[in-house]
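*Asks:* please work out how this folds:
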Amino acid sequence: MRVVGNIFAGILIFFGVLFIWGSFSPQGQWGWIIVGLISVGIGLVLVYFTNRPQAKIGEQQPIKVQIDLPANVNLDTLKCQSCGGNLTLENIRLVAGSPVVNCPYCHTTYQLTEDPKW
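*Replies:* Numbering: from 1, shown residues only. Here you go, the predicted structure:
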């Protein structure tokens with residue numbers, strides 16, 4: 001896709017320069033300057049968008065996620081379901097859109113679920 005975009009941008013810039021150059025001839029029309037400038041401008045914008053750096057597949061980018069826990073959850077008293085060890089915010093991370101707890105004591109990993117309030 002990048003090669004096609006660069007070729008098309010090169011064609012636009014080439015013909016834009018020809019329109020601008022041709023408008024200065026004795027038979028040229030001044031309206032062709034506008035057409036040439038627009039063509040060169042579109043070509044340069046196309047070169048910019050086709051050649052800007054993009055994220056590579058598999059490259060990890062930092063993502064900031066804010067987890068809103070229910071009002072009655074107190075993180076000071078959050079304990080592991082397996083061993084009862086105290087857990088902190090560093091032990092909770094977001095995996096596939098769900099909060100997952102990784103216990104530093106027994107190394108158990110489980111999904112954090114909320115019990116119904118009724």
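
*Asks:* hey, let's count contacts and neighbours off CA atoms from now on
*Replies:* Fine.

*Asks:* for this protein, what spans make up the helices?
*Replies:* In the chain, the helices defined using DSSP state H lie at 2-22, 31-51.

*Asks:* could you dump the ones you listed into CSV and include distance to Val100, mean neighbour count and mean pLDDT?
*Replies:* Formatted as CSV, those follow (distance: least, CA to CA, whole Å; neighbours: other CA atoms under 10 Å; pLDDT from 0 to 100):
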stretch, distance to Val100, mean neighbour count, mean pLDDT
helix 2-22, 40, 17, 92
helix 31-51, 38, 17, 92
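
*Asks:* these: which one's closest to Ser98?
*Replies:* helix 31-51 (35.0 Å; CA to CA).

*Asks:* returning to what we had before: and the helices of the chain: which comes nearest His107?
*Replies:* Of the helices of the chain, nearest to His107 by CA to CA is helix 31-51, at 45.4 Å.

*Asks:* ok, the nearest residue to Met1 once chain neighbours are set aside - contacts?
*Replies:* Excluding the flanking residues, the one nearest Met1 by CA to CA, 6 or more residues apart in numbering is Thr50, at 8.0 Å. With contact set as CA atoms under 8 Å, 6 or more residues apart in numbering, Thr50 has these partners: 1-2, 5-6.

*Asks:* same list (the residues you listed) but as JSON lines, adding distance to Leu87.
*Replies:* Shown next, in JSON lines, are the contacts of Thr50 (distance: CA to CA, whole Å):
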{"residue": "Met1", "distance to Leu87": "49"}
{"residue": "Arg2", "distance to Leu87": "49"}
{"residue": "Gly5", "distance to Leu87": "52"}
{"residue": "Asn6", "distance to Leu87": "54"}
